[in-house]
Every structure is written in structure tokens, then in C-alpha cells.
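Visitor: Here you go, sequence then predicted model.
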Amino acid sequence: MQYVIIGNSTAATFAIEGIRAVDKAGSITVISDETRPAYGRPLISYYLYGRIKLENTDYRSASFYTDNGVTVKYGVRAEKIDPEKKTVALSDGSTIGYDKLLVATGSSPLVPPAEGLDTVQYHTFMTMDSALALEKELSPEKRVLVVGAGLIGLKCVEGILDRVGSVTVVDLAARILPSILDEEGSAIVQERLGARGVSFILGDCAVRYAPGLATLRSGKEVPFDILVIAAGVRPNVSLVREAGGEVNRGIVVNDRQETTIPDVYAAGDNCESYDICSGTRRILALLPNAAFQGETAGRNMAGGDAAFDKAAPFNALGLFDTHIATAGVYEGEAYTDASEGYKKLFVKDNKLVGFILIDCIERAGIYTSLIREQTPLDTVDFELLKKNPALMAFARGTREEILTRRR
Amino acid sequence: MKVVYVNEKWCLGCHLCEYECAFANSGDTDIVHALKGKKIFPRIKVEEGDGVNFAVNCRHCEDPICVKSCIAGALSKDEHGVVRIDKDKCVGCFTCVTVCPYGAIMPGEDGKAAQKCTLCTQNLVGEPNCVRHCINQAIVFEDRG
């Protein structure tokens, strides 16, 4: 059996482990357009922040690929899938055959077009190489303009703030982190970042760039020495689309991670999941989701029978000393508690469907589990849970089941 | 594998296990010196209710969601099934805290990395100190398959 995996990040790593859990013998080849072993992509900001050394960023041990009998082709791009011949054409001119193929191509930075963008140097913030390139330019007198006040932009800000002169963040949205926070939450986090010296220009966007200067829609001018564009990501779907596979916003897969092309699987930021919180199929570009999908794909590629049917958005995010944990959707009835940090729980149809926790993240997984398991709230002591996530809130029988046996 | 279980019928809610856990992981050999006047950061937590108490720590799950969710690859299961955190890799994002269904992983003392029970295999005690010192034998170290 010949397994080929395009991409070498989280989904690929877990797919390798998934394959090997079922098939110890088949050959596995990974095609990577990067030149280093898999690393935790979100670590790039922590590396710049000084929280982790470069040599510790590898996602697995040094012997991972040899231990698992994996050949990695580094610095090579997959250019075309031929689903009839079951081959993949590579950028080095070679072609590789597959019995089972995983497309784990992730996503790429989205760079909104703007006048004069071609006249300036800009950075994106997605790969270790992009972080290392940015790092080379950091120095204490430089003014940095970050376009994008989402997760990637703000983690970048955390990584570089103490290493540069000033940081200004511009976003078209009226508030920061709109994908994971509500208005009050955004205001809290923005104030914390502001207190550290980060400037925000919100509800505005750069319409024109010239070397060292961005002009915003409002007419405001922002001078910069370093420009970082972190305006979002787009899924890398073209290989599958061109091979005839169904693609919506992301690659369409079932809960076995099969695309509509026989023997071709997809996992990670390039494909959709059925989000149990919103009840829709959508891209959940989150690292744990890539891990679950990758492992599911790997097991199924090797002839196993795995299904990933508990997809839900959840995020844990630190920004300096502020810790944020969020999950699900912000619909239904909301319970707010600001006695310790900021907590908001969302309840709909007798289920917990979402939460926002700022500086009160302890034991947040108990809430996440209620969401993932879609536990009916009339079977637990929700009054207690509103105050604190606690296993005490479960009925004795349930508690016995979860605590007296290994699962 | 052997893990720590608590029989809530016998748990008195005395919190001694929390202190013994903090002591075991302090690296100190004197409990008074290790803990007196200090805020403790135990890896086992006692929940107290109306006539019911029980302690909770890592279950060392068969298929741990924390390991799959770790953005750094810092969490792993060792050859004995013990779920461990590599401190050199943990960046303190606390995704593991956000997913553990037992609430059994928590920020460590410095707030920069997560911590969890590793059954006292990484300290001088060598076997679960919470079990050794539970005054009502409510906490046990057993292989229940």
C-alpha cells in the first residue's frame, strides 16, 4: 500500500499516526513545500515572544519520520493530482503514484488587494519562515503596522511588541477578535493591549500603500517601517478542485474525511467539517480540528473505520497576561458573570452551545465537553456550572461512570 | 494501567491530597518549608458539595484529547500510558485546559506552562503521594483495565 500525504503540518502528522495505528507496513511519502520537519504552526508567535526556543518547536521527536517509516520530500510542491492514474505531479518534475492520498494543504495568508501594495515590502505570518523573515527586521526603533486584528494579527503583535518601537493595528472590523469574542470581550482585551502600548485603528482599512506609508479609507495616514498583513486565510483547495473534487468554501469531505474523489482524503484547514454547534458545514481552521481530521483520515486510508463527528470550534489564546478560552456559537440565552474575569455562557435548546472566558479559564474543558457531548442541561446542575465548571454538577451515576473507570 | 481513583463515599473533603501533591512536586524534602504560607498549585483538586466530596486528577485517558489538541506537541503519552507535558515545549496557551473534560490540567505556578498529574513519576516520591497520604483511603492507585 502506498500512502501519499500532501502537506506536512498537524493534519499530516496525525494522519501518519493514524495510518500506523492500522498499517505498520505500507509506504508513506509526505510532500512538503517547507524545508523543516512539522512544527506547531501557532508556535511562531511564541517563538518571537521568547516563550519557546526554535529547536523545541518541532511537533514530534527527531526520530518521528524514521520511526514511522516515512519519506519526506522537502521543498517540493504538489502541482497536479491525476485521479484516473492515481498519481501526483511534483514541482521537481517527478510523479508519484498513490493508492491512498491525503490532501493536507492547509491555508494561505489572504492579502487583500490595495493600490501600491506592489511597491512595498510586506510580511505575512503563517509559517516559521515568515516569522524568521519578520524577526530579521525587528529592532527597537521600528514602527510596525499590522493589518488585521484577528487571532493571527494579535498573536503576531504579542510576539513582536517588546522588540520594536511601536505597533499599530488596523482592521476593517469595528472591534478586535470579532471571530471569537463578543463586544464586551473585545473591549476588555483591546483595553489590555492598549495599556501595553498597542495602538488600534478600527473600522478602517488601508486603501493605498507607498514605501513607508499606508493611507486609510478615512484619509488617515500611518507611517511604518515594517508592514505585516494578517487579514485572514484562504483554504488551499485548488489541487482537489482541479482534479474534479467538490469544493465549497473548503474541500467537501464526509465524516471519514473522504473527498468526492475516490481514494483521496482531505484534512485540516483546507476542508470543511460539520460544526455541531452551528449545525452547518464550514471550515474550522483550528489546530485541534486538523489533528482530529488527520487521524481520522489516516485510519480510514489504512482500512480502518473512523469517523470525526464532533467538530466544534474552540480556541485558547493568551495575549500577554490575559488568557482567553472560547468555544461554540454565541446564540441563545446568555449568562454573564464578571465576578472573576469575564465569563459568558450561551444556552440554546437545553444545551450549552458556546462560552467566552477571559481570565477565568480554569477547568474550561468541562464546559467544552458539555458542548462536544451536547449534554442536555436538565441532566446536570447548571446553576452550579454557571458559577464554576465542576464534575459535581453531574448526577452521581454519570460521575461514577466517568471517574471510576478509565476511558 | 494503574491510575488514581477516588471513592467519593470515603472522601472527607479534607484537601490533604492537594497539599501532599503540592509537596511531592515541590522538590523539597520538608513539607513545612515547602508549603507554609505559600499558595499551592496542586495537580489534584477536591470538589466539595452537599455531603459529597471527591478529588479529581488526570485520568490518563486511552485516547487523550489534550494530546491531540496541544499546539506544540508538548503533550504525549509515554510507553507506560502516562500523559506527560514537555516543559521545554509547552508555551502556556492552555488549549489543554480548554479541552480536558475532567478539568485535570491547569496553569502551573509561573503561569507560563500547564501542569498535570504524572502519577508522581517525575518527582522524588515515585508513586502517587495523594494515595499514600489519604487518611481515609478514599484515593487508590489501581489497574481497573
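Guide: Looks like it came in fine. Numbers count the residues shown, from 1 in each chain, chains lettered A, B, ... in the order given.
Visitor: pLDDT value on the residue of the stretch 51-200 of chain A found nearest chain B, please?
Guide: Distances between the stretch 51-200 of chain A and chain B by C-beta to the nearest C-beta are smallest at residue A:59, namely 4.0 Å. Heads up, the C-betas are built off the backbone N, CA and C, glycines and all. For residue A:59, the pLDDT comes out at 97.
Visitor: Residue A:202 now?
Guide: Value for residue A:202, per-residue pLDDT: 98.
Visitor: How many neighbouring residues does it have?
Guide: Residue crowding around residue A:202 was assessed by other C-beta atoms under 10 Å in any protein chain shown; the count is 17.
Visitor: residues in contact with it?
Guide: Applying C-beta atoms under 8 Å, 6 or more residues apart in numbering or on different chains, one finds that residue A:202 lies in contact with A:149, A:170, A:171, A:173, A:174, A:175, A:176.
Visitor: State the distance from the residue of the stretch 51-200 of chain A closest to chain B to residue A:297.
Guide: Distance, residue A:59 to residue A:297, by C-beta to C-beta, to the nearest Å: 17 Å.
Visitor: So between these two, which is more surrounded?
Guide: Residue environment comparison for residue A:59 versus residue A:297 gives the larger neighbour count to residue A:297, 33 against 23, counting by other C-beta under 10 Å.
Visitor: What helix or strand is the more buried one located in?
Guide: With the criterion set as DSSP states H and E, the secondary-structure element containing residue A:297 is helix A:287-301.
Visitor: pull the CA atoms of that helix into PDB?
Guide: Written as PDB, here are the backbone C-alpha positions of helix A:287-301 (Å, rounded to 0.1, in the frame of the first residue of the first chain):
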ATOM      1  CA  LEU A 287      -5.200  23.100  15.100                       C
ATOM      2  CA  PRO A 288      -7.100  20.500  17.200                       C
ATOM      3  CA  ASN A 289      -9.600  20.100  14.400                       C
ATOM      4  CA  ALA A 290      -6.800  19.400  12.000                       C
ATOM      5  CA  ALA A 291      -5.500  16.800  14.400                       C
ATOM      6  CA  PHE A 292      -8.800  15.000  14.700                       C
ATOM      7  CA  GLN A 293      -9.400  15.100  11.000                       C
ATOM      8  CA  GLY A 294      -5.900  14.000  10.200                       C
ATOM      9  CA  GLU A 295      -6.000  11.000  12.500                       C
ATOM     10  CA  THR A 296      -9.500  10.000  11.200                       C
ATOM     11  CA  ALA A 297      -8.200  10.300   7.600                       C
ATOM     12  CA  GLY A 298      -5.100   8.200   8.300                       C
ATOM     13  CA  ARG A 299      -7.000   5.400  10.000                       C
ATOM     14  CA  ASN A 300      -9.500   5.200   7.100                       C
ATOM     15  CA  MET A 301      -6.800   5.400   4.500                       C
END
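Visitor: buried sites along that helix?
Guide: Using 16 or more other C-beta atoms under 10 Å in any protein chain shown as the test for burial, helix A:287-301 gives A:287-301.
Visitor: Next SSE downstream of that helix?
Guide: Once helix A:287-301 ends, the next helix or strand along the chain (criterion: DSSP H and E) is strand A:314-319.
Visitor: how distant is whichever helix or strand comes after that next one from the center of its chain?
Guide: Using DSSP H and E, the helix or strand that follows strand A:314-319 towards the C-terminus is strand A:322-328. On the basis of C-alpha atoms, centre = their mean, to the nearest Å, strand A:322-328 is displaced by 14 Å from the centre of the chain it belongs to.
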